[in-house]
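Novice: Model the structure of this input:
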Amino acid sequence: MTCATIVTMCGIVGFVDVAAPDRPGVLGAMQDAIAHRGPDGRGHYLDERAGLGMTRLSIIDIAGGDQPKTARHGDVQVVFNGEIYNYRELQAELTRRGHTFESASDSEVVARAFAEWGSDAFSHLHGMFAIAVWEVAAGRLTLARDRIGKKPLYVWRRGRQLAFASELKAFSPLHLSFDVDRQAFAEYLHLGYVPDPKSIWRDVEKLPPGHVAQFEEGTWRSRPYWRLDGSAIDISVESTVAVDQLHDRLNTAVADRLVADVEVGVLLSGGVDSSLVTWLASEQHPRIRTFSVAFDDPALDESAHARAVAHELGTDHNETLVTAADALKVVEELPTVYDEPFADSSSVPTLLVCRFAADHVKVVLGGDAGDELFNGYHHYWAFDRIARLRRAVPRSFRHLGRPLARSRNSLLSRGGNVLDLMDDDPATTYRNVVSILAPGLLAAALSDPVHLDEAAQSFRSAWGQRPERGPRLADLAHYLPGDILVKVDRASMSAGLEVRAPFLDTALVEWAFRLSPATVGPPGAKAIPRALLARRFPPSVSARPKQGFGVPLERWLLGPLRPMLEECLAPSALASHGLVRPDVIPLLMDRMEAGRKAVAPALWALLMFQLWYDRWVR
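Specialist: Below is the predicted model:
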């Protein structure tokens with residue numbers, strides 16, 4: 001007989017057979033390390049082999065949602081981070097199957113779902129989650145992560161020992177010895193983040209999205225319980241029908257994510273996706289609170305657009321002014337918030353708006369993933385152009401890319417960079433297009449040669465059999481879980497705020513990726529969401545060009561951050577780890593000073609890594 005206990009919002013930790021003189025103290029210290037993820041309470045389970053801990057952000061069934069929860073008389077212990085949006089339907093089904101419930105929490109539903117279906121339970125759950133289940137009698141740990149990877153789950157394994165946590169900093173109390181993974185560092189410097197399943201530490205991995213793993217007597221087995229079918233037959237419908245369908249599906253997804261026993265708001269930038277989410281949420285909750293940031297730099301400020309949307313919808317709009325000085329103060333905090341090297345500079349405004357919203361509410365909706373689902377990114381357009389050019393350029397001529405890329409002549413080096421992006425494999429070409437450091441410069445920057453064959457294979461696997469879906473499928477497998485969702489999760493959780501993403505509703509994702517290319521529209525257009533937005537707003541909102549949620553990197557790096565940059569990337573600082581060749585820094589600096597803005601993200605990535613290294617290694 002087995003039974004279950006569950007731990008939920010919004011951070012989880014635990015271990016199996018880890019040798020420690022003070023196991024209760026270690027478990028408590030692991031919880032302390034992620035207390036920001038759940039400031040409202042904590043719970044734990046501990047026996048002679050396993051320890052599970054959680055920190056809670058109270059959102060659903062505030063009185064009855066404490067964890068752990070139990071099922072089957074306590075033989076199974078579960079920790080749960082996230083939200084299950086179909087928990088009411090599952091509770092009804094489980095009740096029909098003979099289960100009785102002591103609370104109205106989604107955490108108890110997860111416990112009883114595992115008691116009913118075992119490791120198959122996760123395919124029944126729709127939401128965002130990282131879950132750990134310890135079966136006491138069997139001595140078996142089961143770990144699962146949601147389909148897209150909205151919630152993080154890191155795992156360390158050595159022989160019969162295992163530890164897991166929502167964030168890397170929670171492993172510190174275990175006093176384990178970690179080394180930087182050079183392969184992971186190379187992929188970080190190429191893409192700006194460490195893609196799943198690697199982490200920056202050699203002995204720590206991330207459970208991939210949509211996977212369930214079991215650990216029993218030192219044996220680890222991992223399998224996917226969900227895969228997006230990228231080869232599914234196209235759905236070709238009239239554009240007006242697709243817009244109707246998006247409205248209905250997104251409206252349902254928004255309704256599911258408004259369920260909470262606390263007030264829910266919306267992060268509103270004024271862009272297409274956040275405006276759509278705000279519109280549909282405001283129809284269900286009139287005067288819903290919206291939150292945005294205003295920048296004192298006109299080139300970055302979208303606040304007027306957010307105000308216009310809020311005024312049109314009649315929301316309770318809240319706005320905070322962020323100065324350049326405010327933003328720059330955040331830079332040194334980033335290695336603590338993102339305890340893995342992370343080079344997306346939009347983490348700065350994301351962190352600021354999350355902190356602002358957290359002063360008012362515990363839960364907000366966001367507009368993430370609209371670009372991935374509906375062909376919205378500029379880099380889709382860029383890849384399409386380079387892919388066309390690749391077919392016209394002889395392979396022998398492409399090999400001139402790397403030597404030309406290092407030319408001091410600006411025109412030649414720009415042309416060389418474009419050639420260096422091209423590969424016979426379209427998935428690898430796409431990976432190069434979205435990289436922050438082209439392959440030639442990456443090879444020049446690394447102290448030791450590191451091949452990216454594994455990363456290339458991962459992109460090829462995600463690419464699928466239908467090349468027109470390839471870029472979006474690659475982003476769903478890599479960019480979303482590795483960058484966008486990491487950025488939002490760490491920024492929001494550091495402030496004790498939960499962000500829910502209606503565009504990442506499973507049914508909506510599966511539908512969007514089955515639409516034919518003609519229905520989705522050309523690269524970069526985001527035709528279907530814009531057409532839906534045009535039904536409610538004037539062209540000043542629906543037709544406005546995409547504006548990134550970023551910072552003026554090159555201006556910062558050449559201005560107020562230059563002393564920090566020069567100190568952190570000095571040869572003596574780089575020598576502390578020996579991962580980067582010092583002579584690449586003057587090359588990149590010279591190019592940035594010459595107006596080559598494209599190199600600024602690479603210098604930012606190197607700066608972020610060095611700040612992380614100083615914080616967590618040195």
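Novice: May I ask which helix or strand of the chain has the lowest mean pLDDT?
Specialist: The weakest-scoring helix or strand in the chain, judged by mean pLDDT, DSSP states H and E, is strand 70-71 (a mean of 72).
Novice: which strands and helices sit next to that one?
Specialist: Packing contacts for strand 70-71, counted by 3 or more C-beta pairs under 8 Å, 6 or more residues apart in numbering; DSSP states H and E, involve helix 106-117. To be clear about C-beta, it is placed using only N, CA and C from the backbone, and glycine gets the same treatment.
Novice: How about the helix it packs on, which residues are buried there?
Specialist: Buried residues in helix 106-117, counting neighbours by 16 or more other C-beta atoms under 10 Å, are found at Asp106, Ser107, Glu108, Val109, Val110, Ala111, Arg112, Ala113, Phe114, Ala115, Glu116.
Novice: Repeat that for stretch 82-98.
Specialist: Residues of stretch 82-98 classed as buried by neighbour count (16+ other C-beta under 10 Å): Gly82, Glu83, Ile84, Tyr85, Asn86, Tyr87, Leu90, Gln91, Leu94.
Novice: Dump the C-alpha coordinates for it into PDB.
Specialist: Taking Å, rounded to 0.1, in the frame of the first residue of the first chain, the C-alpha atoms of stretch 82-98 are listed here in PDB:
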ATOM      1  CA  GLY A  82       3.000  25.700  -9.100                       C
ATOM      2  CA  GLU A  83      -0.700  25.800 -10.000                       C
ATOM      3  CA  ILE A  84      -3.000  23.200 -11.500                       C
ATOM      4  CA  TYR A  85      -5.700  24.900 -13.500                       C
ATOM      5  CA  ASN A  86      -7.900  21.900 -14.000                       C
ATOM      6  CA  TYR A  87      -7.900  20.800 -10.400                       C
ATOM      7  CA  ARG A  88     -11.600  21.300  -9.900                       C
ATOM      8  CA  GLU A  89     -12.400  18.900 -12.700                       C
ATOM      9  CA  LEU A  90      -9.800  16.400 -11.400                       C
ATOM     10  CA  GLN A  91     -11.200  16.700  -7.900                       C
ATOM     11  CA  ALA A  92     -14.700  15.800  -9.300                       C
ATOM     12  CA  GLU A  93     -13.300  12.800 -11.200                       C
ATOM     13  CA  LEU A  94     -11.300  11.500  -8.300                       C
ATOM     14  CA  THR A  95     -14.300  11.900  -6.000                       C
ATOM     15  CA  ARG A  96     -16.200   9.600  -8.400                       C
ATOM     16  CA  ARG A  97     -13.400   7.200  -8.100                       C
ATOM     17  CA  GLY A  98     -13.800   7.000  -4.300                       C
END
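Novice: what does it contact?
Specialist: Contact partners of stretch 82-98, identified using C-beta atoms under 8 Å, 6 or more residues apart in numbering, comprise 8-10, 59-60, 101, 105-106, 109-110, 112-113, 116, 124-131, 146, 150-151, 256-257, 259, 498, 500, 505.
Novice: repeat that with 6 Å
Specialist: Contacts with stretch 82-98, where a contact means C-beta atoms under 6 Å, 6 or more residues apart in numbering, come from Asp106, Val109, Arg112, Ala113, Leu125, His126, Gly127, Met128, Phe129, Lys151, Asp256.
Novice: follow-up on the earlier one: so what strands line up beside the helix or strand following the least confident helix or strand of the chain?
Specialist: Using DSSP states H and E, the helix or strand that follows strand 70-71 in sequence is strand 76-84. Here strand 76-84 is paired, per DSSP bridges, with strand 70-71 (antiparallel), strand 127-135 (antiparallel).
Novice: circling back to that earlier point, looking at the buried residues of stretch 82-98, which is nearest Leu607?
Specialist: Nearest to Leu607 out of these is Gly82 (C-beta to C-beta; 32.2 Å).
Novice: Which residue comes closest to the closest one once chain neighbours are left out?
Specialist: The shortest distance from Gly82 to any non-neighbouring residue, by C-beta to C-beta, 6 or more residues apart in numbering, is to Phe129 (3.4 Å).
Novice: I'd say that neighbour and Asp146 touch.
Specialist: Yes. Using C-beta atoms under 6 Å, Phe129 is in contact with Asp146, at 4.8 Å.
Novice: higher neighbour count, those two?
Specialist: Neighbours were tallied for Phe129 and for Asp146 using other C-beta atoms under 10 Å; the higher tally belongs to Asp146 (28 against 24).
Novice: Was I right to think Leu412 contacts Ala405?
Specialist: No. Using C-beta under 6 Å, Leu412 is not in contact with Ala405, being 8.5 Å away.
Novice: Between those two, which has more neighbouring residues?
Specialist: The residue with more neighbours, out of Leu412 and Ala405, is Ala405; 22 against 15, by other C-beta under 10 Å.
Novice: Now do the contacts for that one.
Specialist: Ser413, Gly416, Asn417, Asp420, Gly440.
Novice: Ramachandran coordinates for the fourth one?
Specialist: The main-chain torsion angles of Asp420 are listed as degrees, to the nearest 10 and equal phi -70, psi -20.
Novice: didn't it look like it was pressed against His399?
Specialist: No. Assessed by C-beta under 6 Å, Asp420 is found out of contact with His399, at 9.5 Å.
Novice: Who has more neighbours out of those two?
Specialist: Shown here are Asp420 and His399; by other C-beta under 10 Å, Asp420 has more neighbours (24 against 13).
Novice: pLDDT score for the more buried one?
Specialist: If you check Asp420, the pLDDT there is 86.
Novice: cool, and the one 3 residues further on?
Specialist: In this model, Asp423 is scored at 88, pLDDT.
Novice: Kindly report the same for Ala327.
Specialist: Per-residue confidence for Ala327 comes out at a pLDDT of 89.
Novice: thought it was touching Val348?
Specialist: Yes. Using C-beta under 6 Å, Ala327 is in contact with Val348, at 5.2 Å.
Novice: Let me see the mean pLDDT of the top helix by length along the chain.
Specialist: Counting residues, the longest helix found in the chain (DSSP state H) is helix 239-257. Mean pLDDT, helix 239-257: 96.
Novice: Please point out which parts of that helix sit buried.
Specialist: For helix 239-257, a neighbour-count test (16+ other C-beta under 10 Å) marks 242-243, 245-247, 249-257 as buried.
Novice: among those, which two are most distant?
Specialist: Farthest pair in those, by C-beta to C-beta: Ala242 and Arg257, 22.1 Å.
Novice: Doesn't Ala213 belong to a strand?
Specialist: Yes. Under DSSP: H, G, I helix; E, B strand; the rest coil, Ala213 sits within a strand.
Novice: Need phi/psi at the closest residue to it other than its chain neighbours.
Specialist: Distances taken as C-beta to C-beta, 6+ apart put Ser222 closest to Ala213, at 3.9 Å, once the chain neighbours are dropped. Backbone geometry at Ser222, expressed as degrees, to the nearest 10, gives phi -130, psi 140.
Novice: Touching, Arg37 and Ile12? I think so.
Specialist: No. With contact defined as C-beta under 6 Å, Arg37 does not count as touching Ile12 (8.8 Å).
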